[in-house]
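S.K.: fold the following.
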Amino acid sequence: MKSVLSVLLRSLALVVLTGAAVPPPTAPPMRVVAYLASWGVKSKGTPIAKLPANQLTHIYYAFALIDQSGAVVLGDRCVDIGVCARGESSPGQPGGNFGELRKLKAKNPHLKLTISIGGWGGSARFSDAALTDESRQRFAESALELFFRKWPGLFDGIDIDWEFPVQGGLKGNVERPADKHNFTLLLAELRRQLDEQGRVDGRHYELTIAASARPSEIANIELAQITPLLDFINVMTYDYHTDGPIAHFNAPLFAAKNDPTPELNVDASMRAFEQGGVPAQKLLVGVPFFARAYGRVPKANAGLFQPSPGKPRDWHDGDGDWRRLSRTRLSDPRYVRHWEPSAKVPWLYDALNGTWISYDDPQSVRAKVDYMREHNLGGVIIWEIGADDGQLIRAISGMR
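M.R.: Residues are numbered from 1 along each chain as shown. Predicted coordinates for the structure are as follows:
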């Protein structure tokens, strides 16, 4: 089995012997990374041509998937490249979302486009793909063939969104204790092949991961070993609490007063990664452009930390997207906005029906950017750009 050290030493030797490797560029003062949900382009009406590219450094396209053989494949050929007929071959120049993203990049040369592989619903086969030398090579080779050699110049990097190695993902995912080290070996193989392709193309290709912000899942990755392989880490500092059992914040910056889970907040997560040896400049803070809701929450403390059996009955997919929330419940006089000064996040509460909503608004987003700058972190990541109406990205870019 290849060790990470051997991969790194081999890469270093190639640099010394050939002089042809292109080193990673100096990190920008602030990275603004926006995930783009492929399905949202149609379902949410997110026109790629109108994305705020001038306020972003990266767009992460979500998601590519893994097939039964362990190879990386498109998530949806019709949506991604405009090939909708069965048996139709892939075009030399892609249509669909990829075609629109190519046009966007042409108009914004600074913008980097990264393919994100996996996601919450697409992580079931990562454990198998990472299991052996052969499977890791197949995974990496298929990703490079599809996204870098097939359409040169379109993508600038790979993001691995494995949710999650060892345990904690969607029910039914393949999970193994060996995932912890195999994840490291998978990233080492990707780094090796990306560097080889970079020498051919005369450039550096980025490699990143989307990492859980929860302590139990941070413990299942080898931070010291993977950090040298990565350009940066996108920490998903949201979804700390979802659905129940108590009404709690989606993405608190710090622990709230009387918080029963003081380890579940942005500050605690960033400190955990830094204590694990990750440099501040390689850490990006996740900023959610979506809300989480709780139903039938008692009135005490305006619902905060009160018991809840789950989501409100009238809460539907997409209701939490900022662009919809700002037009609906935030404009409804029944919903009262509250602010938690310690956690630096708001919440909405409807005392009549007991609906309690945790969300981020321009004030809390600015607080997160302030925190990022104060602690010299590498930037922010957004899930996801199609949920915005322009207010939240302006809250970020206005601080740059």
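
S.K.: show me where the stretch 1-150 of the chain has its strands.
M.R.: Using DSSP state E, counting those that start in this stretch, the strands found in the stretch 1-150 of the chain span residues 31-37, 58-66, 72-73, 112-118.

S.K.: I'd like those as a markdown table, with mean neighbour count, distance to residue 98 and mean pLDDT appended.
M.R.: (C-beta placed from N, C-alpha, C; glycine too.) Formatted as a markdown table, the strands of the stretch 1-150 of the chain follow (neighbours: other Cβ atoms under 10 Å; distance: least, Cβ to Cβ, whole Å; pLDDT from 0 to 100):
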| stretch | mean neighbour count | distance to residue 98 | mean pLDDT |
| --- | --- | --- | --- |
| strand 31-37 | 24 | 11 | 98 |
| strand 58-66 | 24 | 8 | 98 |
| strand 72-73 | 20 | 14 | 98 |
| strand 112-118 | 24 | 9 | 99 |
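
S.K.: quick one: closest of those strands to residue 152.
M.R.: Judged by Cβ to Cβ, the one of those that comes nearest to residue 152 is strand 112-118, at 12.6 Å.

S.K.: ends of stretch 332-352, how far apart?
M.R.: End-to-end distance of stretch 332-352: 12 Å, with Cα to Cα, to the nearest Å as the criterion.

S.K.: could you number the chain from 37 rather than 1 from now on?
M.R.: From this message on, residue numbering opens at 37, which makes the last subject stretch 368-388.

S.K.: most residues in a single helix of this structure, which one?
M.R.: helix 215-237 (DSSP state H).

S.K.: quick one: closest of the strands of the stretch 37-186 of the chain to residue 195.
M.R.: Of all those, strand 148-154 sits nearest to residue 195, with 4.1 Å by Cβ to Cβ.

S.K.: only alpha carbons, please: show the longest helix of the chain as CSV.
M.R.: Extracted in CSV, the C-alpha atoms of helix 215-237 (Å, rounded to 0.1, in the frame of the first residue of the first chain):
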residue,chain,number,x,y,z
ASP,A,215,-12.0,4.9,5.6
LYS,A,216,-10.0,7.2,7.8
HIS,A,217,-6.6,6.3,6.3
ASN,A,218,-8.0,5.3,2.9
PHE,A,219,-9.3,8.9,2.6
THR,A,220,-5.8,10.1,3.0
LEU,A,221,-4.5,7.7,0.4
LEU,A,222,-7.3,8.7,-2.1
LEU,A,223,-6.3,12.3,-1.7
ALA,A,224,-2.6,11.4,-2.2
GLU,A,225,-3.4,9.6,-5.4
LEU,A,226,-5.5,12.6,-6.7
ARG,A,227,-2.7,15.0,-5.8
ARG,A,228,-0.2,12.8,-7.6
GLN,A,229,-2.3,12.6,-10.8
LEU,A,230,-3.3,16.3,-10.7
ASP,A,231,0.4,17.2,-10.4
GLU,A,232,1.3,15.0,-13.4
GLN,A,233,-1.4,16.6,-15.5
GLY,A,234,-0.3,20.0,-14.3
ARG,A,235,3.2,19.4,-15.6
VAL,A,236,1.7,18.5,-19.0
ASP,A,237,-0.5,21.6,-19.0
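
S.K.: next, the angle from that helix to strand 148-154.
M.R.: Helix 215-237 and strand 148-154 are oriented at 150 degrees to each other (axes from the mean of the first three to the mean of the last three Cα atoms, to 10 degrees).

S.K.: quick check: next helix or strand after helix 215-237?
M.R.: Beyond helix 215-237 on the C-terminal side, the first helix or strand identified by DSSP states H and E is strand 242-248.

S.K.: contacts for that next one?
M.R.: Strand 242-248 has contacts (Cβ atoms under 8 Å, 6 or more residues apart in numbering) with 60, 148, 150, 152, 154, 192-200, 204, 223, 226-227, 230, 253-254, 257, 262, 265-272, 309, 417.

S.K.: next step: those restricted to strands.
M.R.: 148, 150, 152, 154, 193-197, 268-272, 417 (DSSP state E).
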